[in-house]
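Undergrad: Structure of the sequence below:
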Amino acid sequence: MRPPRPPALPAPQQRARAPGRRHRRGPVPAQHQHHAPAKACALLATLEQPAVVSTPPSPRLARITAGTDLLSPVRLLEHNYQHRRVAALAALAGNPHTPHTAVTDTLPTLHPLELAWIGHQNDVPDWLHTAAAALAPADDHDAVLRLLTDDELDRHPDPAAVLQSWLDAPESEGFWSRRDVYRAVLDSRHHTLHHLRQLPADEILTRNEPALALPHLLAYCGTQPERWKALLKALDYGPTDQKITFGELLDSIQDPAAGNSPLQKTS
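TA: Down below sits the predicted model:
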């Protein structure tokens, strides 16, 4: 007698699909492919502008850079990695999904040297070369901040604005230092109290030129003993103390009752 046939196994049940959930992935719509690169171009336009600065000439620098293009405007842009924004835009331009208009609409927001940088690249599309060349400066050096002499500043319509551009420029390690900027601003006859207020107080107070800080200290302290006492207290600091600007020093003298001097021991 044959053994009974085992019962048939139930057919495997399919998992219920979540309502509204798509399980088939089709091609990404063309408008979505173009949207992300175009948005990236717009975001690049909002990033901070580079400030390309040349270093004051010196015999040591001349020895280092002799026979090289290290001091060329485009190399100065690359020195502080300030070319990363335009490099990202060039990469987007090479993306076939990036609309050309998204790139060309961003070009007017770039620094002149970023436009010049595009012209020095061999791996960017020809249409980008053409669009950037139409906006780039005729002379790259015109877009570089330099520490000008007072004779050169005399020919500038706004020497004070030039000094401020030096103070606003980022420090360039190896080629550009804040001390270079401070020295150039202090040495210029075009500096104003507005410029001095932004400099470290010790840069001004330790200068061998009494006429630099003394007139401002006299104007702030006058005949008020409490302000002179506040000045003496502010000047009583050591090498481990927090550094303040000349403007903060003047403010602490003007309002000695506001509290302790901003020059306090760092913990």
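
Undergrad: So D105 is in contact with L44, correct?
TA: No - under the criterion of CB atoms under 8 Å, D105 makes no contact with L44, lying 10.9 Å away. The C-beta positions use only the backbone N, C-alpha and C, and glycine is treated the same way.

Undergrad: So these two - more neighbours on which side?
TA: In terms of neighbours (other CB atoms under 10 Å), L44 is the more surrounded of D105 and L44; the figures are 19 against 15.

Undergrad: Flag the shaky bits of the stretch 151-267 of the chain, pLDDT-wise.
TA: Residue ranges of the stretch 151-267 of the chain with pLDDT under 70: 170-177, 208, 237-241, 255-267.

Undergrad: What segments of it are helices?
TA: Counting by DSSP state H, counting those that start in this stretch, the segments of the stretch 151-267 of the chain that form helices are 159-168, 178-187, 193-197, 201-205, 210-221, 225-235, 246-254.

Undergrad: The stretch 1-150 of the chain too?
TA: 30-45, 59-65, 73-79, 84-93, 100-104, 112-119, 126-135, 150-154.

Undergrad: List the contacts of the fifth one.
TA: Contacts with helix 100-104, where a contact means CB atoms under 8 Å, 6 or more residues apart in numbering, come from H34, P37, A38, C41, A42, L89, L92, A93, W127, L128, A131.

Undergrad: starting at the chain centroid, how far to that helix?
TA: Distance of helix 100-104 from its chain centroid, counting by CA atoms, centre = their mean, to the nearest Å, is 24 Å.

Undergrad: send the alpha carbons of it over as CSV?
TA: Written as CSV, here are the backbone C-alpha positions of helix 100-104 (Å, rounded to 0.1, in the frame of the first residue of the first chain):
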residue,chain,number,x,y,z
HIS,A,100,25.6,76.2,-20.0
THR,A,101,23.6,79.1,-18.9
ALA,A,102,23.9,78.1,-15.2
VAL,A,103,27.7,78.4,-15.6
THR,A,104,27.8,81.6,-17.7
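
Undergrad: Flag every buried residue along it.
TA: Along helix 100-104, these residues count as buried under the neighbour rule (16 or more other CB atoms under 10 Å): A102, V103, T104.

Undergrad: Format those as a markdown table; extra columns: distance to E248.
TA: Conversion of the buried residues of helix 100-104 to a markdown table gives the following (distance: CB to CB, whole Å):
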| residue | distance to E248 |
| --- | --- |
| A102 | 45 |
| V103 | 44 |
| T104 | 46 |
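
Undergrad: Adding pLDDT and distance to V144 as columns, could you present the residues you listed in JSON lines?
TA: Shown next, in JSON lines, are these (pLDDT from 0 to 100; distance: CB to CB, whole Å):
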{"residue": "A102", "pLDDT": "93", "distance to V144": "29"}
{"residue": "V103", "pLDDT": "95", "distance to V144": "25"}
{"residue": "T104", "pLDDT": "94", "distance to V144": "25"}
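
Undergrad: Could you tell me how far L186 is located from L167?
TA: Spatial separation of L186 from L167 under the definition CB to CB, to the nearest Å is 11 Å.

Undergrad: Return the member of the buried residues of helix 100-104 nearest to D142.
TA: Distance to D142 across these (CB to CB) is lowest for T104, with 22.8 Å.
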